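Q: Next one to model:
(one chain, ligands or ions: 1)
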Amino acid sequence: MKPLQVSLERLLREEIRLAGHLTAEALELETRDELIRVAGPLTYALRVSRVSDDLVVEGSLALDLDCTCVRCLRAMTYRVSLPTWRCVVPLTGPEQAVREGDLVDLTPYVRDDIVLAFPLHPLCEPGCPGVLYSEPNGGHASGAGGWSNSPSVWSKLDELKLD
Ligand SMILES: [Zn+2]
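A: Okay, the predicted model is just below:
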């Protein structure tokens with residue numbers, strides 16, 4: 001039985017509480033965005049109850065991401081937190097949950113909503129000025145380094161074109 005599977009028969013008698021950690025693998029979480037990687041396990045604390053033909057899932061979800069700031073390219077941790085997550089899982093109709101016998105797996109519902117909460121453009125801070133204003137070489141952003149290298153790069157490109 002998976003950590004987020006619940007028994008429908010048991011839910012007829014009582015609500016089910018689920019709490020623990022789930023790895024990114026168990027969550028089947030893949031990010032195609034190279035600026036975002038899943039850092040830690042998902043932390044969840046959920047209460048599942050059956051209301052007529054629906055399951056109502058309420059609780060909290062939290063997941064740490066290793067992100068790269070899109071402006072300054074600094075590494076940072078971004079916490080996706082859904083402290084009052086709520087999800088209704090229908091047991092009948094066209095959207096009904098997939099069942100394995102008596103069991104319904106809540107994993108896809110958790111996964112879909114946590115992915116929706118990922119940052120589209122991760123920023124280390126709201127007003128990040130970006131890479132041009134940072135000090136990559138100990139405070140000497142201009143002068144001998146930096147842009148003066150550019151002409152030689154372009155002349156090398158020109159040489160390549162002539163070949
Ligand atoms: Zn930044």
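Q: can I assume residue 19 is in contact with residue 44?
A: Yes. Using CB atoms under 8 Å, residue 19 makes contact with residue 44 at a distance of 6.6 Å. The way it works is simple: take the backbone N, C-alpha and C, and place the C-beta from them, glycine included.
Q: Of those two, which one has the most company?
A: residue 44 (24 against 12; other CB atoms under 10 Å).
Q: what helix or strand is that one on?
A: strand 42-51 (DSSP states H and E).
Q: Any chance you could list what contacts that strand?
A: 4, 6, 8, 11-12, 15-24, 27, 29, 55-63, 85, 106, 110, 114 (CB atoms under 8 Å, 6 or more residues apart in numbering).
Q: Give the residues shared as contacts by residue 19 and residue 44.
A: By CB under 8 Å, 6+ apart, no residue touches both residue 19 and residue 44.
Q: just checking, residue 2 is part of a helix?
A: No. Residue state for residue 2 (DSSP: H, G, I helix; E, B strand; the rest coil) corresponds to coil; a helix is not indicated.
Q: Give me the pLDDT value at it.
A: In this model, residue 2 is scored at 90, pLDDT.
Q: That one touches residue 104, doesn't it?
A: No. Counting by CB under 8 Å, residue 2 stays clear of residue 104, with 10.4 Å between them.
Q: Compare those two (neighbour count), which wins?
A: residue 104 (23 against 12).
Q: residue contacts, the nearest residue to the more buried one once chain neighbours are set aside?
A: Closest residue to residue 104 apart from its sequence neighbours, by CB to CB, 6 or more residues apart in numbering: residue 97 at 4.7 Å. Contact partners of residue 97, counting by CB under 8 Å, 6+ apart, are 55, 89, 90, 91, 104, 105.
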